[in-house]
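*Asks:* the following block contains a protein sequence and its predicted model.
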Amino acid sequence: MNGVELRKHRIQGFHQEPPRQLCIIGGGATGAGVALEAWIRGISFYWITSGDIGQGTSSRSTKLLHGGIRYLAQGEFSLVKEALRERQWMLKTYPNFCTKQRFILPAQNFRQAITYRLGLWWYDQKAGLPKNERHKYLNKEQFLKALPGFNGKAKKGLSYLDATFADQGFLSALWMQMDAHTPHVLNHIRVRGLKAAGNTWEIQGLDELDGAPFCLAANHVLNATGPESIKNLEEWGFSCPHRMVWSQGSHLLLKGNFMDWKQALVVPVNHGRVFFMVPWQNKWLAGTTEVVLNEFPKIPEPQKEEVQEILDSIEKYVGKKPNKEDILWQFSGIRPLVYLAGKSGKMASSISRKHLVLEHAPGVVSLLGGKWTIFRQMGEDGLKALFKEKLPPIIKDYPTLEPLPKIPKNKTKINAPFYKTCGAALFPDDLLFRRFSSGFEDILDYLNHREAWWSWWWPQAPQEEKRKEKERLTAYLFKALGDQGQPQD
Ligand SMILES: Cc1cc2nc3c(=O)[nH]c(=O)nc-3n(C[C@H](O)[C@H](O)[C@H](O)COP(=O)(O)OP(=O)(O)OC[C@H]3O[C@@H](n4cnc5c(N)ncnc54)[C@H](O)[C@@H]3O)c2cc1C
């Protein structure tokens, strides 16, 4: 059976089964938190999503597990405390997806250094860090040793600990693991409506691949559709007093040798925002921006002004502008920010990142807003609101997850069937950029010998060139995958 047939078979199976206890709609961080918490309680569930797993905001973040020092400045102490606890949980539970990372926060003057120290003292206390991991003051010599050539005004500052993680790699591994024994997951399904049928809910939708109607039944439904949550609720016939603000943030990914800094940089910019330069997978991730959109884009793309803003910031702090060879990739994500009913006039950067749990009908709950770092807590809160006093107790450990293998170097064939067994990888994009996204450099290795490969990755390349390069890449990789491995055979 090929990938498409396998998937159809699965859809049929889901349709004929008796209702499971839960259906999670949305294959991003929020859905992942619910799936994990349902898993350890032995709750039977489906986890379905439009597009591919992580195709939304959750593969487009700054890849930080952090308390968020800028939220401290906004007085969001409970959010920061919760995020620090969850950061530590993630480092302990899934260390193979996380990296502890020291950040430098430059201080302009003595007063600023004292204020930062106070905040970071609290930050470290709440995270329960051992002495050797707590924040440190850096004098000029230490500062420039950590950030050689730093071009900003301040040449002293604080070094403190946070973490980075493989957002998409973690999601993909979890998605596959959830499926290892029993089919749980399905992608490329768009939910269009919920219909009450006794004490169950019919989840009705469309198969995005062929437009065929889709239906399954569950006792509880959790709406984890991120920035589209409120739009979806309204389409499904529920009302929501709040409003979603679609705030786009973009990043540039630079070559690892663009600079030789030893630590990451975080600097406050305007309107309570911060600019990051973070080492990630032997490269540098620079961002981010904040642009409010009126329409929800299918695939968000960085706007020219955003790219310029990031380039200017890089030049300001690193002292040189990246050229096109230095830039490997650019991407944007949409923050799911919730404007609470009755509150207006706030800038996107000052809208709280605290999540919201809303019950719309018995057995239907939405999780709105939030952060990647607190995804597990969001999942737990969502289940508590859904199951109330009937929430099953925890009966097993969190599943063990291994990062998915990368594209093997110097091999011409990839074990694609492994990636499509759960009907998850159907398109080259699914397979390469999401299943393998943590192996981004492997894809580049594959392409390195190819003429003009960069035109696809290079942001300013004309659309037509990008399209042609993508076709060439797809054909090349399909060949490498071998006949057996073609995701759409
Ligand atoms: C630029 C940027 C940087 C960020 N950096 C960080 C960071 O460093 N650390 C951090 O903790 N957080 C960060 N965040 C926040 C974090 O990424 C988000 O809060 C989180 O990823 C949101 O996850 P989600 O699952 O709610 O949404 P999504 O990831 O968007 O997932 C929702 C999914 O639902 C699916 N869906 C939508 N409608 C339907 C439907 N009708 N039927 C079926 N499926 C549907 C979508 O296809 C999508 O895949 C950042 C966000 C942005 C934008």
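*Replies:* Arrived safely. Numbers count the residues shown, from 1 in each chain.
*Asks:* what does the stretch 101-250 of the chain put close to the ligand?
*Replies:* Residues of the stretch 101-250 of the chain lying close to the ligand (C-beta under 6 Å from any ligand atom) are 190, 191, 224, 225, 226, 227, 228, 232, 249. All C-beta atoms are positioned from the backbone trio N, CA, C, and that covers glycine.
*Asks:* which residues touch the first one?
*Replies:* Under the criterion of C-beta atoms under 8 Å, 6 or more residues apart in numbering, the neighbours of residue 190 are 50, 205, 206, 208.
*Asks:* can you list those in TSV and add neighbour count?
*Replies:* As requested, the contacts of residue 190 are exported to TSV (neighbours: other C-beta atoms under 10 Å):
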residue	neighbour count
50	20
205	19
206	16
208	15
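*Asks:* show me the shaky parts of this structure.
*Replies:* Across the chain, the ranges flagged by pLDDT under 70 are 1-4, 343-350, 405-489.
*Asks:* hmm, back to that, looking at the contacts of residue 190, which is nearest residue 108?
*Replies:* Set against residue 108, the nearest of the contacts of residue 190 by C-beta to C-beta is residue 50 (45.7 Å).
*Asks:* quick check: the closest one vs the ligand, distance?
*Replies:* Note on residue 50: its distance to the ligand, by C-beta to the nearest ligand atom, to the nearest Å, is 3 Å.
*Asks:* you'd agree that residue is up against residue 209?
*Replies:* No: using C-beta atoms under 8 Å, residue 50 is not in contact with residue 209, being 11.5 Å away.
*Asks:* who touches both of those two?
*Replies:* In contact with both residue 50 and residue 209: residue 188, using C-beta under 8 Å, 6+ apart.
*Asks:* in the residues of the stretch 101-250 of the chain next to the ligand, find the pair that's most separated.
*Replies:* 191 and 249 (25.9 Å).
*Asks:* before we move on, back to that, the contacts of residue 190 in strands, which ones?
*Replies:* Applying DSSP state E to those, the entries found in strands are 205, 206.
*Asks:* out of the contacts of residue 190, flag the one nearest to the ligand.
*Replies:* residue 50 (3.4 Å; C-beta to the nearest ligand atom).
*Asks:* now do the strands in the stretch 51-200 of the chain.
*Replies:* With strands called from DSSP state E, counting those that start in this stretch, the stretch 51-200 of the chain shows them at 64-65, 98-107, 136-138, 156-165, 185-186, 189-197, 200-207.
*Asks:* partners of the fifth one, with directions?
*Replies:* Here strand 185-186 has these sheet partners by DSSP bridges: strand 45-48 (parallel).
*Asks:* circling back to that earlier point, which among the residues of the stretch 101-250 of the chain next to the ligand count as buried?
*Replies:* For those, a burial check counting by 16 or more other C-beta atoms under 10 Å picks out 190, 191, 224, 225, 226, 227, 228, 232, 249.
*Asks:* tell me the contacts of whichever residue of the stretch 201-350 of the chain sits closest to the ligand?
*Replies:* Closest contact between the stretch 201-350 of the chain and the ligand, by C-beta to the nearest ligand atom, is at residue 226 (2.2 Å). By C-beta under 8 Å, 6+ apart, the contact set of residue 226 is 26, 28, 30, 56, 57, 58, 334, 336.
*Asks:* same deal with residue 278?
*Replies:* 62, 63, 64, 101, 103, 164, 264, 265, 284, 285, 286.
*Asks:* for the residue nearest the centre of the chain, what are its contacts?
*Replies:* Against the mean C-alpha coordinate of the chain, by C-alpha atoms, centre = their mean, the closest residue is residue 58 at 2.1 Å. Applying C-beta under 8 Å, 6+ apart, we find residue 58 in contact with 28, 29, 32, 167, 168, 171, 226, 372.
*Asks:* report the separation between it and the ligand.
*Replies:* From residue 58 over to the ligand the distance is 3 Å, taken as C-beta to the nearest ligand atom.
*Asks:* excluding sequence neighbours, find me the nearest residue to that residue.
*Replies:* Among residues not flanking residue 58 along the chain, residue 28 sits closest, at 3.7 Å (C-beta to C-beta, 6 or more residues apart in numbering).
*Asks:* tally of neighbours for that neighbour?
*Replies:* Residue 28: 27 surrounding residues under other C-beta atoms under 10 Å.
*Asks:* next up, the contacts around it.
*Replies:* Counting by C-beta under 8 Å, 6+ apart, residue 28 makes contact with 49, 54, 56, 57, 58, 171, 224, 226.
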